[in-house]
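> coords please:
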Amino acid sequence: MLFYLTDSLIVDKGDSLFIGIYKSVRNLATQVIDGNHILTASFDVVKYFRDIFKDDLVIGLLFNKLYQDFATVGIPSDLKFYIEVVKENPVCRNENGRYICQKTYSYYLNINASAMAYLVGEDLNDTKFYEHILKWYIRQKNANYYYSFHGVGGGGKNTYRAILNELKSQHITICIIDTDKKYKECPIETDSTYYNCVNLVHSNVCEYKILPLNVHEIENLIPLNYIDQFDNWVNGDANDIKKKRAFDFLRDNAEEILPYFDYKKGIKYDDMLRNSADYQKFAEKCYMANHDFVNVEPSFQNFISGLSNKAIIYPNLIGGSGTINNTLAMIDNNSCPQPELLEFQRDNWEVIGQNMLDWCVARIPESIS
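Below you'll find the model as predicted:
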């Protein structure tokens, strides 16, 4: 995250606030030197703290470097959020497409408040995939941003507890979570992970953000050209290949179907489907896209009329965590092709990338001289 030290922090050494300001800026500077954040300020402020910390062999060098490089260092235009550190009376504002939040110096007397950003996902694997998206986003910017964050696996429906734990520790926290929508008009289920995170976490600190994704699950954001390379069908068994063929039929209407299709479980004839006309329409849309199904029974209503409870209407792609695990294996092996993103995927990737850049941008942890 980027921190901007304001002119209000310039006080006489005899001022009663001086020691607190000194300690807070030292805490922030320490985190920046360790490669967890970015620090900048006006020229007068840089010059002031350069003098204040001139005898500090580490922090003094940081402010001296800011002083020497001032003409070429500023607030990166790609950032849409940052924090201004002020002496008193903090306010937040929107300015030229950016949201700027002010915090008083006293908030950073606790060094935990300036620790690296904590990224909370439903699972630790989710945070690894979000990092992959951040790297893609930085490449799209043709920039050389460094970033730093600590990934936290929320444990499914207990994700809200993980968020509360990080906020209790005064950590900078961003949570990225899917909305579990099974179809476009699907209401948020009251026992869902997203519902719990929204309704059981109450915080208005500007360093916390929950970022909902308008897709069923993280699998829906995986590029199809990644999925095409999985060993499950490239070198797989007949059942996997059959499921992949069924999945591929959905590509013909990908923008309407693939944000919400359940890659793990497919679609079943359960109470939710029987009680929701909208979900039935979505299931029918999937069914009718599959030429193999329609050639056998062209009527969706006739097809479901003979089904038993929880019978399969449309098969899944891969159960459990198979889809994300295969993707992460490709990422770890540097074998991912250039992602070919559907429109809804690109929209979500850009939102994830921008917010992660805002929360996690950091100074390259190189030596200062």
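> run through the stretch 251-369 of the chain and note the low-pLDDT ranges.
Applying pLDDT under 70 to the stretch 251-369 of the chain picks out residues 367-369.
> quick one: the helices in the stretch 1-150 of the chain, in order.
18-33, 43-52, 59-68, 124-140 (DSSP state H, counting those that start in this stretch).
> so which of these comes closest to residue 319?
Distance to residue 319, taken as Cβ to Cβ, is lowest for helix 124-140 among those, at 15.2 Å. (Glycine included, C-beta is placed from N, CA and C.)
> count the residues that sit near residue 240.
Residue 240 is flanked by 18 other residues according to other Cβ atoms under 10 Å.
> the closest residue to residue 323 other than its chain neighbours: neighbour count?
Leaving aside its chain neighbours, residue 323 sits nearest to residue 219 (4.6 Å; criterion: Cβ to Cβ, 6 or more residues apart in numbering). Using other Cβ under 10 Å, residue 219 has 22 other residues around it.
> was I right about residue 219 contacting residue 324?
Yes: contact criterion Cβ atoms under 8 Å: residue 219 and residue 324 qualify, at 6.1 Å.
> name the element residue 239 belongs to?
helix 238-249 (DSSP states H and E).
> so what secondary structure elements neighbour the helix or strand following that helix?
Moving toward the C-terminus from helix 238-249, the next helix or strand (DSSP H and E) is helix 254-257. Contacts defined by 3 or more Cβ pairs under 8 Å, 6 or more residues apart in numbering; DSSP states H and E place helix 254-257 against helix 277-289.
> at 10 Å what do you get?
In this structure, helix 254-257 packs against helix 277-289, helix 343-360, with contacts taken as 3 or more Cβ pairs under 10 Å, 6 or more residues apart in numbering; DSSP states H and E.
> tell me the most buried of these?
Among the helices and strands packed on helix 254-257, ranked by average contacts under mean count of other Cβ atoms under 10 Å, first place goes to helix 343-360 (a mean of 20).
> so that helix versus helix 124-140, what angle?
With axes from the mean of the first three to the mean of the last three Cα atoms, to 10 degrees applied, the angle from helix 343-360 to helix 124-140 works out at 90 degrees.
> ok, back up a step: who touches both of residue 219 and residue 324?
Applying Cβ atoms under 10 Å, 6 or more residues apart in numbering, one finds that residue 219 and residue 324 are jointly contacted by 129, 263, 264, 318.
> just give me the closest of those residues to residue 226.
Nearest to residue 226 among the shared contacts of residue 219 and residue 324 is residue 129, at 10.4 Å by Cβ to Cβ.
> if we can go back for a sec, any chance of the shared contacts of residue 219 and residue 324 in CSV, with distance to residue 303 too?
Formatted as CSV, those follow (distance: Cβ to Cβ, whole Å):
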residue, distance to residue 303
129, 35
263, 22
264, 22
318, 24
